[in-house]
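Participant: coords please:
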Amino acid sequence: MESVVHRTVKVNGIKMHVAEKGEGPVVLFLHGFPELWYSWRHQIVALSSLGYRVVAPDLRGYGDTEAPAPISSYTCMHILGDLVGLIESLGVEQVFLVAHDWGAIIGWYLCMFRPEKVKAYVCLSVPFLHRNPNVKTVDGMRAMFGNDYYICRFQKPGEMEAEMAKVGTECVIKNILTTRKTGPPILPKGEFGTGVNPDMPDTLPPWLTQDDLAYYVCKYEKTGFTGPLNYYRNMNSNWELTAPWSGVQIKVPVKFITGELDMIYTSPGIKEYVHGGGFKQDVPNLEQVVVQKGVAHFNNQEAAEEVNSHIYNFIKKFLM
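Facilitator: Just a heads-up that it's a prediction; the model follows:
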């Protein structure tokens, strides 16, 4: 990791922090919540050693990338503007895309709006979110999972930030990263409390060291959680903005990887969508679905070597 190059690029009106290593075809990694470029530390080392130029930014509002104040600055269009600017700054026409959690959602938007920029997409955890033309995204989640569903609880500006502040940054990040609780993440009413992980262990799992946790905590104590939470606060706005693309198919070649215990994969309706034909209908070039045994949500960190192999074996086919 010592040879990872850190730099700042100006894209779409903001300064974006980027971690980069290696030479060759570009692999762009997009992190989720509550993560950073650092979430891809294992993939950065592995893929750069195999002849790829690995690029992992802190997304808008995260880490060392600028965080505009207005909530409205975090729509899918803003994030995509950042990424298209980043790709152009790299001097390449196309990238291999690898993304997880919120990064995966943004990855689907990139494949939807600018498919010519993506050679192939390895998506972790979050499948394509089929747009319901009749119900706004958050409204639909509230109807299905209730007001205590984590995305619903994140909506009111300042409320979740205050609840997280009461338990402290380290507790919040450790609570989320170590969760193995399946099904839709539910937060206790009116408090972060035990968070999404009521069985948070005293000790860290083997794939997450104290130094890893300390890196996340250091960055989030500097920036707070507002920027990342603003992504969730724009989900209904994204629904409105993407109305012209309702029913669109994603034509980019895709490999989907999820953990057997992933909180998204085990939420109602997701397995049926992924395995029952709906996913393939929306993403006709979906080539493979991988379900990792005994692995939870943060599979890029928990099962890093396996994920590295899956990424490499998929993207190398497109170099022929």
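Participant: rest of the way, CA atoms for contacts and neighbours
Facilitator: OK.
Participant: residues in contact with residue 55?
Facilitator: Residues near residue 55 by C-alpha atoms under 8 Å, 6 or more residues apart in numbering: 18-21, 26-29, 44.
Participant: and these, which of them are in helices?
Facilitator: Among the contacts of residue 55, the members found in helices (DSSP state H) are residue 44.
Participant: in a markdown table: the contacts of residue 55, plus pLDDT and distance to residue 292.
Facilitator: Below are those laid out as a markdown table (pLDDT from 0 to 100; distance: C-alpha to C-alpha, whole Å):
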| residue | pLDDT | distance to residue 292 |
| --- | --- | --- |
| 18 | 98 | 29 |
| 19 | 98 | 27 |
| 20 | 98 | 28 |
| 21 | 98 | 27 |
| 26 | 98 | 26 |
| 27 | 98 | 22 |
| 28 | 99 | 23 |
| 29 | 99 | 20 |
| 44 | 98 | 21 |
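Participant: got the residue ranges for the strands in the chain?
Facilitator: Along the chain, counting by DSSP state E, strands occupy 5-11, 14-21, 26-30, 53-57, 95-100, 118-124, 254-259, 286-292.
Participant: how about these in a markdown table, adding distance to residue 300?
Facilitator: Formatted as a markdown table, the strands of the chain follow (distance: least, C-alpha to C-alpha, whole Å):
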| stretch | distance to residue 300 |
| --- | --- |
| strand 5-11 | 21 |
| strand 14-21 | 17 |
| strand 26-30 | 11 |
| strand 53-57 | 13 |
| strand 95-100 | 8 |
| strand 118-124 | 8 |
| strand 254-259 | 9 |
| strand 286-292 | 11 |
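Participant: mind checking which of the ones you listed is nearest residue 69?
Facilitator: The closest of the strands of the chain to residue 69 is strand 14-21. By C-alpha to C-alpha, the value is 11.8 Å.
Participant: which residues are in contact with the closest one?
Facilitator: Contacts of strand 14-21 (C-alpha under 8 Å, 6+ apart): 3-10, 37, 44-45, 48, 53-60, 63-66, 82.
Participant: out of those, which are buried?
Facilitator: The neighbour count (16 or more other C-alpha atoms under 10 Å) marks 4, 9, 37, 44-45, 48, 53-60, 63-66, 82 as buried among the contacts of strand 14-21.
Participant: looking at the strands of the chain, spot the one closest to residue 319.
Facilitator: The closest of those to residue 319 is strand 118-124. By C-alpha to C-alpha, the value is 9.6 Å.
Participant: how about residues contacting that closest one?
Facilitator: Here strand 118-124 makes contact (C-alpha under 8 Å, 6+ apart) with 94-101, 104, 107, 110-111, 252-258, 299-300, 311, 314-315, 318.
Participant: one more time with 7 Å, if that's ok
Facilitator: When contacts are defined by C-alpha atoms under 7 Å, 6 or more residues apart in numbering, strand 118-124 is touched by residues 94-101, 104, 111, 252-258, 311, 315.
Participant: can you check stretch 153-162 too?
Facilitator: 147, 225-226, 229, 232-233.
Participant: I'd like to know how far residue 317 sits from residue 252.
Facilitator: Using C-alpha to C-alpha, to the nearest Å, residue 317 is found at 14 Å from residue 252.
Participant: oh sorry, the question was meant for residue 313
Facilitator: Taking C-alpha to C-alpha, one finds residue 313 at 17 Å from residue 252.
Participant: neighbour count: those two, which is higher?
Facilitator: With neighbours defined as other C-alpha atoms under 10 Å, residue 313 and residue 252 compare such that residue 252 has more, 20 against 11.
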